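Engineer: sequence and predicted structure, then a few things I'm wondering about:
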Amino acid sequence: MRDKDKLLFSNRFTFEEIDVNDKDRLLEAYEDRIDSYWLKPAKVLSNSKCGFACGVLCVSIMECLARTQYAKFNKRRQQWEIDKKGFVDWIQKYFEDESVKKWAGRIYEDYRCGLVHEGRIKNLGQFSYYLSVVIELIDNIMLINPDNLYEELKKAFKNYLSTIRIDELKFLEFKRMFEIDFKEEIEKVKQMPN
């Protein structure tokens, strides 16, 4: 985002304020970015009963976070990508809800790939605010409560942040992908007049 003459990293931080060598500040800015650009809008959508749109944001956040830890370089496309295994591994490591862990592969295939690439949920999947749980299977049709998914995603994000704050190797993985993903923005800010 851009605010007049500043390139914004999040609601509270500009790219000028990002220092990849200041771990605490970098993680504070990243937390603000995910919260202000992704999580809060997902909650607004869910509160408005816009489950489909909330779901798109939730699976996009899941992929974004999984990418920071499990991205692989695709030589053919010459870019870093997250695959199903990385997506599932991230969910299984950071989510607490057992149903989300159990069905992570279907979340990737039916919801993430369906919503993001095709504008639909595959295999008859649906969102439902009437579920008391996150995920329920009825006749092999997956139903997800978008509000409960959002709440579990928020907890998973906190778990992830706690891990990369204390595990130096996980932080270095995060930092590497951060520098790859935001290289152009960081370079552009260096060229901009103050």
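Structural biologist: Alright, I've got the coordinates. Residues are numbered from 1 along each chain as shown.

Engineer: and the residue nearest the centre of the chain, what is it in contact with?
Structural biologist: By CA atoms, centre = their mean, the mean C-alpha position of the chain lies nearest to residue 61, the distance being 2.0 Å. Taking CB atoms under 8 Å, 6 or more residues apart in numbering, we find residue 61 in contact with 34, 38-39, 42, 153, 157. Backbone N, C-alpha and C define where each C-beta goes, glycine included.

Engineer: how about a cut-off of 7 Å?
Structural biologist: 34, 38-39, 153 (CB atoms under 7 Å, 6 or more residues apart in numbering).

Engineer: likewise residue 41?
Structural biologist: residue 57.

Engineer: using the three-state scheme, assign residue 7.
Structural biologist: strand (DSSP: H, G, I helix; E, B strand; the rest coil).

Engineer: tell me, how many residues neighbour the residue nearest to it when sequence neighbours are not counted?
Structural biologist: What sits nearest to residue 7 in space, not counting adjacent residues and going by CB to CB, 6 or more residues apart in numbering, is residue 15, at 4.6 Å. Residue 15 has 19 neighbours, counted by other CB atoms under 10 Å.

Engineer: now the one 5 residues further on
Structural biologist: Using other CB under 10 Å, residue 20 has 13 neighbouring residues.

Engineer: so it is in contact with residue 29, correct?
Structural biologist: No. Judged on CB atoms under 7 Å, residue 20 makes no contact with residue 29 at a distance of 10.2 Å.
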